[in-house]
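Asks: Sharing a sequence plus its predicted fold:
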Amino acid sequence: MLLVVANCAGIDEAATHFIGMIDQTTLGHSFLKRELGVVPTVGWQLDPFGHSATQASIMTSKMGFDALYFGRMDYQDLAVRQLEKRCEGLWNASQNFPDSTVFWGLTGSFQGNYRAPTRFCFDPLHCNDPSLLAMNNSMLMDSVGDFLRQLRVQSDRTSSSHIMLTMGADFQYQRASYNFANLDKLIGTIKRFQEWNMLDIPSLFAPRFDTVNIFYSSPEYYTRCKHKELSKSRERHNFDTATTQIVASEGDGVHYGVKTDDFFPYSDQEHNFWTGYFTSRASLKRQERLGSAFLLAARQIESLADIDGKASDPQQSSAAFHELEDAIGVLQHHDGVSGTAKQHVSNDYSRRLQSGIDSVRVVTTKKLRRLFLGDNVADDLFDLSLCQLLNETVCSVSQNATMQPKTTTLYVVVYNGLGQPQSSVVFLPISHDGSYTVGKLEDSTNGTATVVASMPSPQSTTAGAAKYVLPICTGALPALGASVFKVDFLGDADRVSSFRGRDKFMPPASIDADSARMTLHYSDNGDVEASNGLIQVLFDG
């Protein structure tokens, strides 16, 4: 028996982003390939609260999986599928990937979720079901008959001759030897009673089956059996290639419909939809997104050659990156980024993620120094730091540098991790009100630096937050590249006259983020006009 769990965690499918989903699957697959030499072919998503089209197409089919098994489905959908023998099927949920069909199946005896059949939970710490180990043949006959009757109900919920029994649940198998001893007894008794003609299988399973074969298996082997059975059925029946369904007039045959959408929203009873977690613990959700974005940008920066042409040594950064990758991977759990964990567990998710960010931050800042300066980094840019709390108007380096700004020159590195140029406005936290010259480092010698006035911070009363911010319009940032801005103090706000005829010190007159996308234009009267070539929006200054 081989059960391969292909991911770091049973990921949530509603609150996650596909980048985080891909990263955690990559981490899990790499571990399995490196340590066990295994390449998974089956997805196992028992407990997430609904299932997305992205999970079926990108995270299952395009990850090389043949099938996806899960435990939760809307109770009304489940009731209909049980009656119509559609608790398994084919899933092609992507309009962009027409070849992304996978097999899907419902666990938990086709009743949803996951657990052993009723009265057959053999975990001594979590169940009170009777053990088979001390039963005589008469007692075993009653117990096996009960078990087979439940199997008959399950077999009537699919057109296939194969069914999966999930013999376990949360926190079980802590005394695995006891569980397996009972399972061995159950399997052996059913086989032995059939050999002794003590079980009338045809009367229990008529008219479909006259024997029952029960054995240890895996989702991978179960999928192969399903595929083999479906292939034989297609050979015997009329196969409609347009709908990918078996079309049988009457009689036997395997019938699988094709699902083309998702399994959202999930409801387990009337007026009880599991949708609150779409927005719960919003701060944790935001931290996960920022951590994932930072990881992507840090990888890009780490892959660049230094100014002297040298590449980075992966051994020096692998531990730091692994810490962040692991934290983000585990946070994809359906009780992680979903926000459904207990508070102390959510705190731990946040702590692990921040620790990973801090580790990678050290590696990335060192890399940036080498990118700009080569190996001669002993004294220059010694305090290069990541401003992670800009949403709280906190950046210790810029705030400390502008407490006594007259003798300070500040350099700001803005990195664009997108594959296309983009423009942005960075609000840099500062401590001193006044006017500053801001220019791109490569342009500063050409006299193109701009005078910019500070602005009051909207969070100036928050502890640790800067009283002022300096708006820096980046202009077009290069794709997968950075721009460096030099910031110098010009004078106090009440002593500096207008610049270039303006009453207020403003960012550059216009910024062309991308000629095909958006243009920002700043008027002398303070108005700001944004246009994408089709729509114009005017902000009154």
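Replies: Done, it's in. Numbers count the residues shown, from 1 in each chain.

Asks: What residues of the lengthiest helix in the chain count as buried?
Replies: When the chain is scanned for its longest helix (criterion: DSSP state H), the result is helix 343-373. Going by neighbour count (16 or more other CB atoms under 10 Å), the buried part of helix 343-373 is 346, 349-350, 352-353, 356-357, 359-361, 363-373. Yep, even glycine has a C-beta here, placed from its N, CA and C like the rest.

Asks: Extract the CA atoms of the longest strand anywhere in the chain and return them as CSV.
Replies: For the chain, the strand with the greatest residue count under DSSP state E is strand 481-491. Provided in CSV are the C-alpha atoms of strand 481-491 (Å, rounded to 0.1, in the frame of the first residue of the first chain):
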residue,chain,number,x,y,z
GLY,A,481,14.1,45.4,-12.9
ALA,A,482,14.7,48.2,-10.4
SER,A,483,15.1,52.0,-10.4
VAL,A,484,17.2,53.8,-7.8
PHE,A,485,16.1,57.3,-6.6
LYS,A,486,18.3,59.8,-4.9
VAL,A,487,16.5,61.9,-2.2
ASP,A,488,18.0,65.1,-0.8
PHE,A,489,16.5,67.7,1.5
LEU,A,490,15.9,71.1,-0.1
GLY,A,491,14.4,73.2,2.6
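
Asks: what does that strand rub up against?
Replies: With CB atoms under 8 Å, 6 or more residues apart in numbering as the test, strand 481-491 has contacts from 368, 372, 402, 405-406, 408-416, 428, 432, 434-442, 444, 449, 451, 470, 472, 474-475, 477, 496.

Asks: what pLDDT, on average, does that strand get?
Replies: Throughout strand 481-491, pLDDT has a mean value of 90.

Asks: Please apply the same query to stretch 399-412.
Replies: On average, stretch 399-412 scores 86.

Asks: For the stretch 251-400 of the chain, just list every one of the helices.
Replies: Remark: helices assigned in the stretch 251-400 of the chain by DSSP state H, counting those that start in this stretch are 282-303, 314-331, 343-373, 396-401.

Asks: So which of these is nearest C87?
Replies: Nearest to C87, of all the helices of the stretch 251-400 of the chain, is helix 314-331, at 30.6 Å by CB to CB.

Asks: What separation do you get for the nearest residue to D527 once chain neighbours are set aside and H521?
Replies: Leaving aside its chain neighbours, D527 sits nearest to G541 (4.6 Å; criterion: CB to CB, 6 or more residues apart in numbering). Counting by CB to CB, to the nearest Å, the gap from G541 to H521 is 12 Å.

Asks: So for these two, which sits in the more crowded spot?
Replies: H521 (16 against 13; other CB atoms under 10 Å).

Asks: So what pairs up with the more buried one in the strands?
Replies: S510, E529 (DSSP bridges).

Asks: Over to G105?
Replies: Beta-bridge pairing of G105 under DSSP bridges involves Y69, E88.

Asks: Make 57 the first number, not 1, from now on.
Replies: All set: I'll call the first residue 57, so the last point we hit is now G161.

Asks: For burial, what's the neighbour tally of it?
Replies: 23.

Asks: From H218, how far out is it?
Replies: Counting by CB to CB, the gap from G161 to H218 is 10 Å.

Asks: Which neighbours do these two have in common?
Replies: Y278, K282.

Asks: what's T157 in contact with, if anything?
Replies: S117, L146, W147, N148, T300, V314.

Asks: Run a quick neighbour tally on the nearest residue to the last one once chain neighbours are set aside.
Replies: What that stands for is V314. Counting by CB to CB, 6+ apart, V314 lies nearest to L146, which is 4.7 Å off, once chain neighbours are set aside. Neighbourhood size, L146 [other CB under 10 Å]: 18.

Asks: so when I look at L146, I'm seeing a strand, right?
Replies: Yes: counting by DSSP: H, G, I helix; E, B strand; the rest coil, L146 is found in a strand.

Asks: For it, give its distance to S117.
Replies: Distance from L146 to S117, counting by CB to CB: 11 Å.

Asks: Common neighbours of the two, please.
Replies: Joint contacts of L146 and S117 (CB under 8 Å, 6+ apart) are T157, V158.

Asks: which residues touch the residue nearest to D583?
Replies: Here G597 is in contact with K560, S579, N581, G582, D583, V584 (criterion: CB under 8 Å, 6+ apart).

Asks: Dump these into a markdown table; add distance to E326, pLDDT and secondary structure as well.
Replies: Shown next, in a markdown table, are those (distance: CB to CB, whole Å; pLDDT from 0 to 100; DSSP: H, G, I helix; E, B strand; the rest coil):
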| residue | distance to E326 | pLDDT | secondary structure |
| --- | --- | --- | --- |
| K560 | 59 | 38 | coil |
| S579 | 58 | 78 | coil |
| N581 | 59 | 80 | coil |
| G582 | 56 | 76 | coil |
| D583 | 54 | 84 | coil |
| V584 | 51 | 83 | strand |
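
Asks: Dump those residues into CSV; add distance to D79 and neighbour count as well.
Replies: Output for these, formatted as CSV (distance: CB to CB, whole Å; neighbours: other CB atoms under 10 Å):
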residue, distance to D79, neighbour count
K560, 44, 15
S579, 44, 14
N581, 47, 11
G582, 43, 13
D583, 43, 12
V584, 37, 15
